[in-house]
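Engineer: need a structure here:
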Amino acid sequence: MTNAFTLSRLRLTVQVVMLVFTVYGGALIGHYLSDKVTGALPALSCAYDQQNAGYCVLIPMQHQLHHRVGESIVRFQQFSFDYLIPFGFTMLTFFAFFVVLNKAFCGWICPLGTVQELLYKIGRRIRLPIQRFTQANVGRVRPVKWAVLILLVLVLPLMAGLGYSSYVTGDAYCQVCPSRVVSTLLTADAQQIAVNTANPTAFAFSAARSAIFGFMVILAFGMRQPYCRICPMLALHALFRRIVPLRLVKKETGDKCGKCKACYQACPMDIHEVAFEFGAKAFHQDCTMCGRCVEFCPDDGMLALKLGPLALFTSSKTYLKRRAKIDKPDGTLPKAKTAPKPTPKPAPAE
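Structural biologist: Here you go, the predicted structure:
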C-alpha cells in the first residue's frame, strides 16, 4: 500500500465529509443555521431526516408542482404572478445548483451514492462475486431514470395538485426514494423503513420504498452504484452536461485508445462509450464525474476532468503506477506480493 495522493482518496474524503454533513449537519450546526445552509446550498439531504443540514433539491420541484402549479390550474382565474414567481425562483435556484456542480454532485457529494460505494468496497474485501452490465445489455436499464423523472417527479405531483391522484402522490418520488431510508437509519430512526397501512396508496408506496432499499443494499455488495442507474437526479444532470463548465473531456483521436479498456472497467456506471468514443461522445449522460476512468487511463492526456479551460485532473502513466497499487479498475484489491523463496544452497561436498 502507498500513502501517495490519489483522486479516489480525495473523492472518498469529500464523500464521507458530505455524508456526515448532509445526515447530521442540522444537529452539528443548529436548526437556525442549518435552515440558512439549506437556502444557500441545496443538497440531497432527505427532508424526513430530522437532523440534516438541508433538503433534497427534488423536494421543491415536486411541492411546487403539487401546491402551486396544479392547484393554480384548477383555479385558473387566480393563476397569476403570485404563483409563477415563487415557482420560477425555485427553478432558478434548482438549475443554478446543477450548473455549479452538475454531475460532480453524484460522484462526490450524494450520500446515497457514498453508501453504495462503501457497500461495494465491503463486497470486495469479503470477495463476493462482481455483477456488472455489459456493453450488450446496459442499454436496457438506461431509459429507466427518465421514466422515473417524468412519472414520479413531474407527472404524479402535478396530478395530485390537479386533484386527479391521491395526496400521497404529491411527493411521489420521495415516497419510494431509498435515500429517505438510508439517511434516517444513519440517525437511528427506523420509522421510514416501516410499511404505512393508513390507506392503500400509502401502503403501496411504503412497501415499494422498503423493497427498493433492500434490493439496493443487496445489489451494492456486488454491483457498483445499482440505484444511481435509475435515479432521476442523474437524468436531470444529463440535461445540462453539454452546457456546464465542469465536464469529462477526451481527445478527438488516439491510436492506442480502446485497446486496454481500463477506463470502461473502472467506470462504476459501466459506460463503454468512454473507451470506444472520442471527443464529446465519450462524456455519456450516465457519467457521475467520479474520475476513475481518468485515474486508470494509461495514455498521457487522453482523458481529463476540466472546469472550463482549466484541467483539474489528467490521465498519466506516472499517476497510474501509484494508483494501481491501491486497487484494480473493478475495485478488487491487487494481489499481495510475496517475497521470493530463497534458493537452497547446495550441500558442501564431502
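
Engineer: Can you classify the residue most central in space within the chain by secondary structure?
Structural biologist: Against the mean C-alpha coordinate of the chain, by Cα atoms, centre = their mean, the closest residue is Cys106 at 3.2 Å. Following DSSP: H, G, I helix; E, B strand; the rest coil, Cys106 is assigned to helix.

Engineer: The top helix by length along the chain - what's its average pLDDT?
Structural biologist: What stands out as the longest helix in the chain, according to DSSP state H, is helix 7-29. Across helix 7-29, pLDDT averages out at 84.

Engineer: tell me which residues in that helix are buried?
Structural biologist: Judged by neighbour count (16 or more other Cβ atoms under 10 Å), helix 7-29 contains these buried residues: 7-8, 11-12, 15, 18-19, 21-26. For every residue, glycine as well, the C-beta is placed using N, CA and C.

Engineer: now those residues in a markdown table, with distance to Ile126?
Structural biologist: Compiled in a markdown table, these are given as follows (distance: Cβ to Cβ, whole Å):
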| residue | distance to Ile126 |
| --- | --- |
| Leu7 | 25 |
| Ser8 | 20 |
| Arg11 | 23 |
| Leu12 | 19 |
| Gln15 | 21 |
| Met18 | 26 |
| Leu19 | 22 |
| Phe21 | 29 |
| Thr22 | 27 |
| Val23 | 25 |
| Tyr24 | 28 |
| Gly25 | 31 |
| Gly26 | 34 |
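
Engineer: can you count the residues close to Val69?
Structural biologist: 17 (other Cβ atoms under 10 Å).

Engineer: Surely it touches Gly161?
Structural biologist: Yes. With contact defined as Cβ atoms under 8 Å, Val69 and Gly161 form a contacting pair (6.2 Å).

Engineer: Does Phe313 belong to a helix, a strand or coil?
Structural biologist: Quick answer, by three-state DSSP: Phe313 is strand.

Engineer: partner residues bridging it?
Structural biologist: The partner list for Phe313 in beta bridges (DSSP bridges) reads Leu305.

Engineer: Unless I'm misreading it, it sits right up against Met289, doesn't it?
Structural biologist: No. At 10.4 Å, Phe313 does not count as touching Met289 under the criterion of Cβ under 8 Å.

Engineer: Run through the chain and note the low-pLDDT ranges.
Structural biologist: Along the chain, the parts satisfying pLDDT under 70 run over 1-3, 29-45, 47, 49-55, 57, 72, 74-86, 90, 93-98, 336-350.

Engineer: Tell me how it divides into domains.
Structural biologist: Split into domains by automatic domain parsing, the chain comes to 7-235, 245-323.

Engineer: With distance to Leu333 added, can I get these in CSV?
Structural biologist: Output for those, formatted as CSV (distance: least, Cβ to Cβ, whole Å):
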stretch, distance to Leu333
domain 7-235, 6
domain 245-323, 13
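
Engineer: Relative to Thr332, which of those domains is closest?
Structural biologist: Taking Cβ to Cβ, domain 7-235 is the member of the domains of the chain nearest to Thr332, at 5.3 Å.

Engineer: For the closest one, measure first residue to last.
Structural biologist: 25 Å (Cα to Cα, to the nearest Å).

Engineer: re the thing from before, select, out of the domains of the chain, the one closest to Pro329.
Structural biologist: Closest to Pro329 of these, according to Cβ to Cβ: domain 245-323, at 3.8 Å.

Engineer: Tabulate the CA atom coordinates of stretch 287-296 in PDB.
Structural biologist: What follows is stretch 287-296, C-alpha atoms only, in PDB (Å, rounded to 0.1, in the frame of the first residue of the first chain):
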ATOM      1  CA  CYS A 287     -21.300   9.700 -16.100                       C
ATOM      2  CA  THR A 288     -21.100  10.800 -12.500                       C
ATOM      3  CA  MET A 289     -17.700  12.600 -12.800                       C
ATOM      4  CA  CYS A 290     -16.100  10.300 -10.300                       C
ATOM      5  CA  GLY A 291     -12.900  10.400 -12.300                       C
ATOM      6  CA  ARG A 292     -12.000   6.700 -12.100                       C
ATOM      7  CA  CYS A 293     -11.700   6.400 -15.900                       C
ATOM      8  CA  VAL A 294      -9.100   9.200 -15.800                       C
ATOM      9  CA  GLU A 295      -7.200   7.600 -13.000                       C
ATOM     10  CA  PHE A 296      -6.800   4.300 -14.800                       C
END
